[in-house]
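**Q** pasting the structure only:
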């Protein structure tokens, strides 16, 4: 319990450092949101007015304190470029990135676990080896290149989907999901290869242990041993690995959204940084950071709950 | 030197992965080195007569949408990507090791405060970091190196810190302290060499991640700027002519896969050889 | 046994879901059947505001041209034609403009347009300070419910072009989110970074639009445009590059026009070497316009010799293009006079915004062309657009930059006023008493011929002084799926969607 509390406090401190860093990073980057918004024709007075409307005429520390205070009341500010509350703006896009990541994660689990079990069962068969080699190659494919390959083969050559034909979830949930299948696959595939490799090795190591041999000698069937003992013990490292993947997937979705033309958080992060839309950038980064920290925290705690052998390392 | 040679032959004989990885990497390095000395065409020279020429004797790997020779661009582009990855890992590993060592060795308040900053850095999107540097100091490969280098500090810092946490209680450290050896000396001459193996494998993994990160940033248009070539930049541009000249368009990607595959196989070979 | 069932109970639905999605994915691909009563138009960036009096980006105005109208609006030949006003008169002294409200004209919400709405709209637009020219208005009178009279505080026979500013209903309290205008299309919905959807306004006063539903889709990834056009997710994209044009199949008709901007190597006249007119002229002598066009846009584009582009037929002076024919020896002689030779080359950097591929390419070609002399060494410094805006444009902290300057109104002032010595937006720091005088002449002239002559004088001065190295009006390639036809080029940044119609 003390441990969990300690972790929680350090997570909050981390969030605080991130928020300060982002806020002050923008103070150093050149670029004026008011000028961006009003264009090159605007009079100096109009610019001054816009700056004060955006709150940019205040000193930085004051702006930071105001922002934090508002943040705690659930008000994330108003987007400079859209004049829409950031909460509304991003709330609309949350399902996009959310589903993309979730879908990738589901694909990862669905593809990697059965495959690993198959590999473990058919250890050293010809197909096992061939697929391991293939896996090794797939692992080396960067997700965005995987995206381009999928677009090329399935979109352009086989015409299974329309490149760039993203449909919003409000318009048509079915086609929305159908389109997300490909980017999710692009994110998941290289990770499936990694997971299979790790899980297979883990299972084979467990399978070599004494207790498994004992189980065999007692006359249990292969399947039984595999599911009841091996899988159970190989599950723990897998859990951490999958959680690690989850956070990586969130970060990786930025580039994939660009390849497939999906207007999710990644697109907004990129556009808002380039457009100096600080409130949006702050909100996205805080959200992503919080998510990553949360996943790490939960994994850490789960890990301890499942396996009490783990000592307090720090 | 002799030790390295022995290790090498041990790995070489030991496993297939290392052999394949080593050959792939060696070919890649040779390709880049030749590119650094000589390319068939200047990599930025445009030839309007030969846009997307396809594979011809004059341009064995074809040309891009501006008529630039693909082979020449791949040679220098791969070089840029490698250079950035190398710089990134060097900065990340050096700074990360120092921070990790100090945190792990001294612990306490220093550890707490430094590690919170490291955690924050870990969560900070590398895109923003890169943009910060590019905006502040102008664009170019060196700024990408610095930005990514900083982004890579956390993972090294965490690894090294973990090692130091484990090692600092060991007998040899205690006895060195009793002999009056200074803290810094203990850190860098007694403990750090023991963390060498862990650091080496982190460097190999980090190298691959750096290649990926550079390609990703350049793909988003924040990394290397035109007319410079990098594999990520080329891959992004290649989407334009995926229809007309798919083979030329996919080449930078395949080269990227080759590069990453080579390193990861060699890296795994090293680790397998250690066991 | 428990573990096993758990695995199965979670894994199986997941597998089912995956398969389902894959099947759906397969189906969606085949669903391209498409009635030509709708069209998807790709636009390069999201619109900056839905409020017509706050929008500034050219990319926004060209889209919302279809939704909003002013008292007058531009047509494809570059003339101002009646819109909300059915006719107008201008007083002798060019200080009083009187408009007659069009009979029976309605807003998208069904309400009738009143003179009060016009008064409200003009004053509102004036208040935002985004169009500086509107500050010339002294007062807006509404003598009766059919007429609006605009009185200026100085004579300006060119003022009409500023009255394209949108007329919106006074009672609409949220023009930022629910825009209402009088154009041929009415606003339906908008999703940031995704699309803007408009539909035909059936009560439109003029020719009804040819296509019913229009989606403007934001294409954030410029590299994916060809793929999206060919794949069928976008039917039209204005301003594709020549390289992209070469990629398109014969499913597309490519219309070729010009972008209507002055692309130049703008020289910061306050930067040491460029204060010397000989240096500026030398650079002009080193320029090979056709060479630039050949590399950047397959040889297409319109050569320019001053700050004016050909679409302004009335003002454009083609002879200025030949003021500085490419002549390396002459350039070297001028540079020598100015104190530069092989041993002491002229060195400067060209700042260019990385998001404008044509400008980046042009800068690269220019550097090569200048290098031929052996005396000029230009390096290229790519910066991100916002940095360019604040550092280069606003702070004027640069040496040379390649950019395109466009006109926001159908008036020569849009391209010439900025070169007055004390203009707010004189980002090249050009300073010439002679120019200021010529420009004032143009401003005060009421007679059209005299005004035109004065504008031409301004152009000549800019060219002779080589204020900048004028290059070209970039070609504009518009890709339109052959299912549609009727695309029209305007001399302004405008996409007239109402003119499009399904091909027979």
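**A** Looks like it came in fine. This one's a predicted model, so the numbers in the text were calculated from it and none came from an experiment.
**Q** quick check: chain neighbours aside, which residue is closest to residue 233?
**A** Defaulting to chain A. Closest residue in space to residue A:233, ignoring its immediate chain neighbours: residue A:206 at 4.8 Å, by C-beta to C-beta, 6 or more residues apart in numbering or on different chains. Yep, even glycine has a C-beta here, placed from its N, CA and C like the rest.
**Q** nope, chain B please
**A** That would be residue B:218: by C-beta to C-beta, 6+ apart, it lies 4.2 Å from residue B:233.
**Q** let me see the contact set for that neighbour.
**A** Residues near residue B:218 by C-beta atoms under 8 Å, 6 or more residues apart in numbering or on different chains: B:144, B:224, B:230-233, B:236.
**Q** helix or strand: which one has it?
**A** helix B:196-219 (DSSP states H and E).
**Q** buried residues in that helix?
**A** Neighbour-count burial for helix B:196-219, counted by 16 or more other C-beta atoms under 10 Å in any protein chain shown, picks out B:199, B:201-219.
**Q** after it, which helix or strand is next? Please name it.
**A** Assigned by DSSP H and E, the successor of helix B:196-219 is helix B:231-238.
**Q** so what's the gap between the helix holding residue B:218 and the chain middle?
**A** The chain centroid and the centroid of helix B:196-219 are separated by 4 Å under C-alpha atoms, centre = their mean, to the nearest Å.
**Q** and what of stretch A:200-216?
**A** 33 Å.
**Q** name the residues of it that are buried.
**A** Across stretch A:200-216, burial judged by 16+ other C-beta under 10 Å covers A:200, A:202-203, A:206-207, A:212, A:215.
**Q** and for stretch C:460-471, what's in contact with it?
**A** Counting by C-beta under 8 Å, 6+ apart, C:262-267, C:269, C:277, C:280-281, C:283-284, C:287, C:289, C:292, C:303-307, C:317, C:320, C:323-324, C:362, C:366, C:402, C:419, C:428, C:430, C:432, C:434-435, C:438 sit against stretch C:460-471.
**Q** try it again at 6 Å.
**A** C:263-267, C:280-281, C:283-284, C:287, C:289, C:292, C:304-307, C:320, C:323, C:428, C:430, C:434-435 (C-beta atoms under 6 Å, 6 or more residues apart in numbering or on different chains).
**Q** and if you look at stretch B:187-207?
**A** By C-beta under 6 Å, 6+ apart, the list of residues contacting stretch B:187-207 reads B:85, B:89, B:93, B:101, B:105, B:159-160, B:163, B:167, B:176, B:263, B:267, B:271.
**Q** can you flag which of these belong to helices?
**A** B:85, B:89, B:93, B:101, B:105, B:159-160, B:163, B:167, B:176, B:263, B:267, B:271 (DSSP state H).
**Q** close enough to count as contact, residue A:175 and residue A:166?
**A** No. Applying C-beta atoms under 6 Å as the test, residue A:175 and residue A:166 come out as separate, 8.9 Å apart.
**Q** for residue C:455, give me the pLDDT.
**A** Per-residue pLDDT puts residue C:455 at 93.
**Q** how about the one 5 residues further on?
**A** Here the pLDDT value assigned to residue C:460 is 95.
**Q** SS state for it?
**A** Under DSSP: H, G, I helix; E, B strand; the rest coil, residue C:460 falls in the helix class.
**Q** gap between it and chain A?
**A** 25 Å (C-beta to the nearest C-beta, to the nearest Å).
**Q** pull the contacting residues for the residue nearest the centre of chain A.
**A** Nearest to the centroid of the C-alpha atoms of chain A, with distances taken as C-alpha atoms, centre = their mean, sits residue A:250, at 1.3 Å. Neighbouring residues of residue A:250 by C-beta under 6 Å, 6+ apart: residue A:101.
**Q** please tell me how far it sits from residue A:148.
**A** From residue A:250 across to residue A:148, the span is 21 Å (C-beta to C-beta, to the nearest Å).
**Q** could you do residue A:94 as well?
**A** 27 Å.
**Q** could I get the pLDDT score of residue 160?
**A** By default, I'm working from chain A. 86.
**Q** hmm, no, I was thinking of chain C.
**A** What the model reports as pLDDT for residue C:160 is 90.
**Q** wait, a helix at it?
**A** Yes. Assessed by three-state DSSP, residue C:160 belongs to a helix.
**Q** name the nearest residue to it, sequence neighbours excluded.
**A** That would be residue C:80: by C-beta to C-beta, 6+ apart, it lies 5.7 Å from residue C:160.
**Q** can you report phi and psi for the one you found?
**A** phi -90, psi 130 (degrees, to the nearest 10).
**Q** go on, residue C:302?
**A** phi -120, psi 120.
**Q** for stretch C:53-68, the averaged confidence score.
**A** On average, stretch C:53-68 scores 88.
**Q** close to chain A, is that stretch?
**A** Yes. Applying C-beta under 6 Å from any C-beta of the partner chain, one finds stretch C:53-68 touching chain A at residue C:56.
**Q** now residue C:344: how far from chain B?
**A** 25 Å.
**Q** count the residues that sit near that residue.
**A** Using other C-beta atoms under 10 Å in any protein chain shown, residue C:344 has 10 other residues around it.
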